[in-house]
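> Quick one, what's the 3D model for this:
(one chain, ligands or ions: 2)
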Amino acid sequence: MDISAYLVGHEAAIRFGAFLSVFALMAAWEVAGPRRALAVHKGRRWLTNLGITLLNIAVVRVLFPTAAVGMAVAVGERHWGLFNAVSVPAPLAFVLSLIALDILIWAQHIAFHRVPLLARRHRVHHADLDFDVTTGFRFHPIEIVLSLLIKFAAIVALGAPAAVVLVFELALSLGSLFNHGNVRMPERIDRVLRWLVVTPDMHRVHHSVEPEEINSNYGFFLSWWDRLFGTYRAAPRAGHDAMTIGVRDTRDPGVCAALWPMLMLPFRERADDFPCLRSALRGRASP
Ligand SMILES: [Zn+2]
Ligand SMILES: [Zn+2]
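Numbers count the residues shown, from 1 in each chain. Ligands and ions are numbered 1, 2, ... in the order given. Predicted coordinates for the structure are as follows:
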């Protein structure tokens, strides 16, 4: 069995095993060394966030049974995309594809803040009143499907190898569990780590209710793009303990920590309490 066939055959098991291990590790770290006190009862939030996750897994498995890795294998067999057209050493194609996919996810995240129709979906991620490991996979199913379609298009354009796509999918999902952790990390380690990857203290700034803070730190895995394009913010103005997490006017736990109201949130009439959306509508988006 060649490597591509092996990856497709075991993709779900590899991702599920890695996801469960890192989730358990982060959950234990949150109990042993929490960064902030939670505002909402943990069981209630976790039930909602895990419910959204299970729904997303089901939707993706039904709509795209072969997932992104399967798409990469099909692209490779047909010799589509940049890296199948030009002769590039395999290790270089591996690194360049990874970096290209990561900057794409960064740009996509900005689009999900600036385009009102997309921002209504992304608001579900931000409406979580707390910030912990379960926030890392709390995304509206429509956002999940749209971002998968964007990823498919990038895989076709790049001709990204299946192994790269698997590594990238792992980096993205495990990175999301890590950088949403409500965990206390020594400042020295955080400072060194965030030169390469997004750390919890870095991403937490993006979950602030303050417009200039929510409009910063869009990175999901590599931390470079925010520094490079001027959207990097080192810390929240009020400090990590005092900052307010969530969306400014959507603060009812009966809505923010409940499955059905969260799924319906993008379709509710009122949506002008998401600072980026409000800025975009006014045509004066903050930097
Ligand atoms: Zn965001
Ligand atoms: Zn987030």
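> Quick check: buried residues in stretch 16-28?
Under the neighbour-count criterion of 16 or more other CB atoms under 10 Å, stretch 16-28 has Phe19, Val22, Phe23, Met26, Ala27 buried. To be clear about C-beta, it is placed using only N, CA and C from the backbone, and glycine gets the same treatment.
> Hmm, which of the residues you listed is lowest in pLDDT?
The lowest pLDDT within the buried residues of stretch 16-28 belongs to Phe19, which sits at 94.
> ok, for it, nearest residue in space, not its chain neighbours?
Distances taken as CB to CB, 6 or more residues apart in numbering place Ser173 nearest to Phe19, at 6.0 Å, with adjacent residues excluded.
> so where does the one you found fall, helix or strand?
Ser173 is part of helix 162-179 when elements are defined by DSSP states H and E.
> List the residues that contact the residue lying closest to Thr244 once chain neighbours are set aside.
The shortest distance from Thr244 to any non-neighbouring residue, by CB to CB, 6+ apart, is to Val209 (4.7 Å). Residues near Val209 by CB atoms under 8 Å, 6 or more residues apart in numbering: Thr244, Ile245, Gly246, Val247, Arg248, Pro275.
> The first one contacts Ser208, doesn't it?
Yes: taking CB atoms under 8 Å as the definition, Thr244 is a contact partner of Ser208 at 6.8 Å.
> Would you quantify the distance from the residue nearest to Phe19 to Asn179?
Distance of Ser173 to Asn179, given as CB to CB, to the nearest Å: 11 Å.
> Likewise for Leu20?
Distance of Leu20 to Asn179, given as CB to CB: 18 Å.
> same check, this time on Ala13
24 Å.
> And for Val165?
On the measure of CB to CB, Val165 and Asn179 end up 21 Å apart.
> Ok, Arg45 next?
Separation of Arg45 from Asn179 (CB to CB) stands at 18 Å.
> And Leu63, by the same measure?
Per CB to CB, Leu63 is found 27 Å from Asn179.
> likewise His79?
36 Å.
> Between these two, tell me which one has more neighbours.
Asn179 (27 against 10; other CB atoms under 10 Å).
> Show the contacting residues for that one.
The neighbourhood of Asn179, defined by CB under 8 Å, 6+ apart, consists of Gly136, Val197, Val198, Thr199, Pro200, Met202, His203, Phe220.
> Name the spans of the protein whose pLDDT lies under the cut-off.
1-5, 7-8, 269-287 (pLDDT under 70).
> Output the longest helix belonging to it.
Criterion DSSP state H: the longest helix present in the chain is helix 3-32.
> tell me the SS of Arg36?
Under DSSP: H, G, I helix; E, B strand; the rest coil, Arg36 falls in the coil class.
> what's the answer for the one 4 residues further on, then?
In the three-state summary, Val40 is assigned as coil, counting by three-state DSSP.
> That one contacts Val255, correct?
No: checked against CB under 8 Å, the pair Val40 and Val255 is beyond contact range at 11.3 Å.
> which residues are in contact with stretch 62-77?
4-5, 7-8, 11-12, 60, 81, 84, 145, 148, 151-152, 155-156, 159-162, 164-166, 169.
> Please spell out the PyMOL selection for the buried subset of these.
Those of the contacts of stretch 62-77 that count as buried under 16+ other CB under 10 Å are selected in PyMOL with:
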select buried, resi 4+7+8+11+60+81+84+145+148+151+152+155+156+159+160+161+162+164+165+166+169
